[in-house]
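Visitor: After the sequence you'll find the predicted model.
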Amino acid sequence: MPNQYENQANVDAHIKTTGPEIWRQSAGKVSHVFVSLGTCGTATGLSTFLKAKNPAIKVIAVQPSPGHDVPGIRNISELDVSKLYDPTKIDEVLEIEHELAYRRAVDLARNEGLLAGPSSGLIFEGAVRVAAREPVAFGVAIFCDSVFKYAGNMTRHLPELGDELSSNT
């Protein structure tokens, strides 16, 4: 078992690959990184790499409200399963009402053509809120899911989607 919640290779993968790719593609201009918390390998690894390059980079974890059913991510209160979460690597934890995760995923599909799932919708909402309150010179949002795995969840939270799909066939 890879044990993604305890395996340091999870963090190392983001230190060795994702972090350098973001740094390179942004030409070192990245100012904010928006992530969710699941295994916490992404958040810890990206923060480790990017803050070594520029300590001013803000890493913002977006979490769903308690009692959520957003697949794959966790609220801080649920992180006891992960040994990879390092709160010293996160500049802010922003809580978003979990119902918005589904609405924003639909918005991303309709307005941007991105078929992202609910955890990405949550991250998007967090990035929008931060950008509304402070300058975000170059933000990177890690969208780690696709809507295709979550059609049932999407239509349960947004019943009108099921009606739209059946009327388009």
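Guide: Received it, and whenever you're ready, just let me know what you need. Numbering: from 1, shown residues only.
Visitor: From Gln4, how far off is the residue nearest to Lys29 when sequence neighbours are not counted?
Guide: Nearest non-adjacent residue to Lys29, counting by C-beta to C-beta, 6 or more residues apart in numbering: Phe138, 4.4 Å away. The C-beta positions use only the backbone N, C-alpha and C, and glycine is treated the same way. Note on Phe138: its distance to Gln4, by C-beta to C-beta, to the nearest Å, is 29 Å.
Visitor: what's the answer for Asn75, then?
Guide: From Asn75 over to Gln4 (counting by C-beta to C-beta), the distance is 18 Å.
Visitor: more neighbours, those two?
Guide: Asn75 (17 against 14; other C-beta atoms under 10 Å).
Visitor: Would you confirm that that one contacts Pro66?
Guide: Yes - using C-beta atoms under 8 Å, Asn75 is in contact with Pro66, at 5.4 Å.
Visitor: hey, C-alpha coordinates of stretch 5-18 in PDB?
Guide: The C-alpha coordinates for stretch 5-18 follow below in PDB (Å, rounded to 0.1, in the frame of the first residue of the first chain):
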ATOM      1  CA  TYR A   5      -1.500   9.900   4.000                       C
ATOM      2  CA  GLU A   6       1.900   9.100   5.600                       C
ATOM      3  CA  ASN A   7       4.300   8.500   2.700                       C
ATOM      4  CA  GLN A   8       6.900  11.200   2.400                       C
ATOM      5  CA  ALA A   9       7.200  10.400  -1.300                       C
ATOM      6  CA  ASN A  10       3.800  12.200  -1.600                       C
ATOM      7  CA  VAL A  11       5.400  15.500  -0.400                       C
ATOM      8  CA  ASP A  12       8.600  14.800  -2.300                       C
ATOM      9  CA  ALA A  13       6.800  14.400  -5.600                       C
ATOM     10  CA  HIS A  14       5.500  18.000  -5.300                       C
ATOM     11  CA  ILE A  15       8.900  19.300  -4.200                       C
ATOM     12  CA  LYS A  16      10.600  17.700  -7.200                       C
ATOM     13  CA  THR A  17       8.000  18.100  -9.900                       C
ATOM     14  CA  THR A  18       4.900  20.300  -9.300                       C
END
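Visitor: Give the buried residues for it.
Guide: For stretch 5-18, burial by neighbour count (16 or more other C-beta atoms under 10 Å) applies to 5, 7, 10-11, 14-15, 18.
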